[in-house]
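# Model the following, please.
(2 chains)
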There are 2 protein chains.
Amino acid sequence: MNEFDLIAKYFTRPAPGIDLGVGDDAALVSISPDHQLAISVDMLVAGRHFFADADPERLGHKCLAVNLSDMAAMGAKPTWFTLSLALPEMNEVWLSSFSRGMFALADQFNLPLIGGDTTRGPLSISIQIAGEVPKGRALLRRGAQLGDDVWVSGPLGAAAAAVMHRTGRVVLDATLAQRCDLRLDLPQPRVKLGLALRDLAHSALDISDGLIGDLAHICEQAGCAAIIDFKNVPQAIELNGLSSELICEAVLAGGDDYELCFTAPVVNREAIERLGGALNTPLFRVGTITCPNANTPLVQVFDEAGQLMALPFTGFDHFK
Amino acid sequence: MNEFDLIAKYFTRPAPGIDLGVGDDAALVSISPDHQLAISVDMLVAGRHFFADADPERLGHKCLAVNLSDMAAMGAKPTWFTLSLALPEMNEVWLSSFSRGMFALADQFNLPLIGGDTTRGPLSISIQIAGEVPKGRALLRRGAQLGDDVWVSGPLGAAAAAVMHRTGRVVLDATLAQRCDLRLDLPQPRVKLGLALRDLAHSALDISDGLIGDLAHICEQAGCAAIIDFKNVPQAIELNGLSSELICEAVLAGGDDYELCFTAPVVNREAIERLGGALNTPLFRVGTITCPNANTPLVQVFDEAGQLMALPFTGFDHFK
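Just a heads-up that it's a prediction; the model follows:
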């Protein structure tokens, strides 16, 4: 049983009166005839999502960033958040840095912290965020349509390279390691992009578990499949010195970049490229939504020679 | 620095556009001209809020109950909740029991689970709940007024006695220990009472940290003080065999009963007593809201002889 089976078996039930329940980047609840609230929660645990000695200012940024990224993936405008914090001990130096990092990012979005809970315990941080979206306009995973282009919002793999370096799988030089760390520690949630994509995209999610695994979630919910042209998948320049196997893994299965993956009709290609320019966020067209086939994986990746690539990895699973 | 100083220093900032921010049982956010959303989050950590080998079905109940209790304390009608769950390992027996206990209570209130996050980590559970309240009608701590009666919604101390027994401070016989455990493990959130009190009370909160400490929170926010007649504070019958010192501590400083403490104008006494009868929840008038005095504690307790009691304990503080 994996993380997703667990959620499906024990925590997914009909939710009467709720527009969208468990299973997307956020839930949707109607709050007025014209608006829905998008609700999401992400929990980060020391030793699991971050190293126990992680810089607290960066950690404050990241905990909020991953939640803002969920709002971006829904096309929702973030409106408030709450914080559950378990701390091993009172540590004012840590608290001062953590709150500074968190609020610096919150201020970029005029996002108020409205409540929370603080307790002693193994270091973990759970942030819940809410955003508003005009009724029926949220970007759902199930919205992907046959023939849609598949896009990603930036180069992938640098955050995975940082993890590979920290865990000793590769050795990067100090400058390169620092650059990868920045991508891992300080992801920039694509909130403006998400809002603009409400007019252009059919579906979206944020890449937290790796492009292949996350795109498969879109396919599962939309009842479709996807093919990816590996040569079109933007690789972080920080990966240049790595082996082709590690590059492939970092780009296709590395999470933590928190770029958006979205699907959009072919007719919107030019508009999407213009949008990327306007937001200074280059957007990359990496594949196509196709018909599912019972005999092939939901997401297939083809190399430059047009050959199907054998991929020895899947999306991240906390209980694998 | 204690838990409350920590929150004030590092996590309390102006929240523009938010009706009520950090510091009450829940935050309040306007969602329409006529309604507000009450938002609360409570985190429970193994070894801190519950014993690591706690019965998972009871734990599922309790984690949701403490959040429902916050809605009750605001006079809000619970509408949905989310769950952040960190688990040391995949354990289907545990998950099955935990989710059964949680959903059994949720079903009592037709409360849907709309989303969450699941990860591996030291066992901890953070539930966020939302409820609706007509605009301006929520029961705020700061609403207490001079001359108000102070009420509690049931006998206090049984949950504290369970903790005293489990930690070896007292030895209860098996039957009594089981009864106390029920109060500790399966608190019944006073949601119906909270809704009805919107018409009758000036302020309310739920007693999670002990009557004295929690009533002091009302006094701090309302700029008042309170006196309590100890003889009128309802003592759980489970305390009968304990020493007077332990009874006093369990009743006045024991948290975890999750009864409501509320203040209401004298003119509403009869209506409140009728309400208690109608809900089969006996309500007890235990004291009075008074003027604050710089030289005395915010909450003073008087014994049967009218003498001020010396109290060697304060409210619970996770970082004390």
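
# Any residue of stretch A:50-65 touching chain B?
No. Using C-beta under 8 Å from any C-beta of the partner chain, stretch A:50-65 stays clear of chain B, with a minimum separation of 10.1 Å. To be clear about C-beta, it is placed using only N, CA and C from the backbone, and glycine gets the same treatment.

# Now do the same contact list for the closest residue to A:Leu242 other than its chain neighbours.
Spatially, and ignoring its direct neighbours in sequence, A:Leu242 is nearest to A:Val170 (6.2 Å; C-beta to C-beta, 6 or more residues apart in numbering or on different chains). With contact set as C-beta atoms under 8 Å, 6 or more residues apart in numbering or on different chains, A:Val170 has these partners: A:161, A:164, A:242, A:246.

# Same question for A:Ile125.
The neighbours of A:Ile125, taking C-beta under 8 Å, 6+ apart as the test, are A:43-44, A:59, A:63, A:83-86.

# Make CSV out of those and add secondary structure and neighbour count.
Below are the contacts of A:Ile125 laid out as CSV (DSSP: H, G, I helix; E, B strand; the rest coil; neighbours: other C-beta atoms under 10 Å in any protein chain shown):
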residue, secondary structure, neighbour count
A:Met43, strand, 27
A:Leu44, strand, 23
A:Leu59, helix, 23
A:Cys63, helix, 25
A:Leu83, strand, 26
A:Ser84, strand, 27
A:Leu85, strand, 24
A:Ala86, strand, 26
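
# what about the helices in the stretch 51-200 of chain A?
A:56-74, A:92-108, A:158-166, A:174-185, A:191-197 (DSSP state H, counting those that start in this stretch).

# in the second one, what counts as buried?
By 16 or more other C-beta atoms under 10 Å in any protein chain shown, the buried positions in helix A:92-108 come out as A:94-95, A:97-99, A:101-103, A:105-106.

# got the contact list for that helix?
Residues contacting helix A:92-108 (C-beta under 8 Å, 6+ apart): A:55-61, A:63-65, A:68, A:81, A:83, A:87, A:112-113, B:1, B:6, B:9-11, B:13.

# Compute the mean per-residue pLDDT across that helix, please.
Here helix A:92-108 scores 95 as its mean pLDDT.

# What of the first one?
In this model, helix A:56-74 has a mean pLDDT of 96.

# For it, buried residues please.
A:56-74.

# which secondary structure elements does that helix contact?
Applying 3 or more C-beta pairs under 8 Å, 6 or more residues apart in numbering or on different chains; DSSP states H and E, one finds that helix A:56-74 makes contact with strand A:35-45, strand A:77-87, helix A:92-108, strand A:124-134, helix A:174-185, helix A:191-197, strand A:203-206, strand A:260-264.

# hmm, who's touching the fifth one?
Outside of helix A:174-185, the residues within contact range by C-beta under 8 Å, 6+ apart are A:54-55, A:58-59, A:61-62, A:158-159, A:161-163, A:165, A:172, A:236, A:238, A:241, A:256-257.

# give me that answer again for 6 Å
A:58, A:62, A:158-159, A:161-162, A:165, A:238, A:256 (C-beta atoms under 6 Å, 6 or more residues apart in numbering or on different chains).

# now that helix and helix A:158-166, what's the angle there?
120 degrees (axes from the mean of the first three to the mean of the last three C-alpha atoms, to 10 degrees).

# Dump the C-alpha coordinates for helix A:174-185 into PDB.
Extracted C-alpha coordinates of helix A:174-185, given in PDB (Å, rounded to 0.1, in the frame of the first residue of the first chain):
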ATOM      1  CA  ALA A 174      30.600  24.400  -3.900                       C
ATOM      2  CA  THR A 175      29.200  27.100  -6.200                       C
ATOM      3  CA  LEU A 176      27.000  24.700  -8.100                       C
ATOM      4  CA  ALA A 177      25.800  23.100  -4.900                       C
ATOM      5  CA  GLN A 178      24.800  26.500  -3.500                       C
ATOM      6  CA  ARG A 179      22.800  27.200  -6.700                       C
ATOM      7  CA  CYS A 180      21.000  23.900  -6.500                       C
ATOM      8  CA  ASP A 181      20.400  24.500  -2.800                       C
ATOM      9  CA  LEU A 182      18.700  27.800  -3.700                       C
ATOM     10  CA  ARG A 183      16.300  25.900  -5.900                       C
ATOM     11  CA  LEU A 184      15.600  23.300  -3.300                       C
ATOM     12  CA  ASP A 185      15.300  25.700  -0.300                       C
END
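
# now it against helix A:56-74, angle please.
50 degrees.

# for the residue nearest the centre of chain A, what are its contacts?
By C-alpha atoms, centre = their mean, chain A has its centre lying nearest to A:Asp206, at 2.8 Å. Shown in contact with A:Asp206 (C-beta under 6 Å, 6+ apart): A:69, A:73, A:258, A:260.

# The same query, at a cut-off of 10 Å, please.
Neighbour list for A:Asp206: A:25, A:66, A:68-74, A:153, A:187, A:189-190, A:194, A:214, A:255, A:257-262 [criterion: C-beta atoms under 10 Å, 6 or more residues apart in numbering or on different chains].

# Test my guess that A:Ala271 contacts A:Ala264.
Yes. Using C-beta atoms under 10 Å, A:Ala271 is in contact with A:Ala264, at 8.7 Å.

# For A:Ile39, list each beta-bridge partner.
A:Ala27, A:Ala130 (DSSP bridges).

# burial of it, as a residue count?
By the measure other C-beta atoms under 10 Å in any protein chain shown, the count of residues near A:Ile39 is 27.

# Repeat that for A:Leu246.
So A:Leu246, with other C-beta under 10 Å, has 18 neighbours.

# Which of the helices or strands spans it?
Assessed by DSSP states H and E, A:Leu246 sits inside helix A:244-253.

# Now do that helix against helix A:174-185, angle only.
Using the same axes, to 10 degrees: helix A:244-253 against helix A:174-185 is 20 degrees.

# Report all helices and strands that helix A:244-253 contacts.
Identification of packing neighbours for helix A:244-253 by 3 or more C-beta pairs under 10 Å, 6 or more residues apart in numbering or on different chains; DSSP states H and E yields helix A:158-166, helix A:211-222, strand A:299-302.

# Now do the longest one, average pLDDT.
Meaning helix A:211-222. Averaging pLDDT along helix A:211-222 yields 94.

# what does the next helix or strand after it contact?
As assigned by DSSP H and E, the chain's next helix or strand after helix A:211-222 is strand A:225-229. The contact list for strand A:225-229, computed with C-beta under 10 Å, 6+ apart, reads A:144, A:146, A:148, A:150, A:152, A:211-212, A:215-216, A:218-219, A:252, A:261, A:263, A:285-293, A:296-304, A:306, A:308-309.

# Adjacent strands (with direction) for strand A:225-229?
Looking at strand A:225-229 with DSSP bridges, its partner strands are strand A:284-290 (antiparallel), strand A:299-302 (parallel).

# Phi and psi next, for A:His202.
Per-residue torsions, A:His202: phi -90, psi -30 (degrees, to the nearest 10).

# Quick check: residues of the stretch 101-250 of chain A near chain B?
Proximity of the stretch 101-250 of chain A to chain B (C-beta under 10 Å from any C-beta of the partner chain) is limited to residues A:102-103, A:106-107, A:110-128, A:130, A:132.
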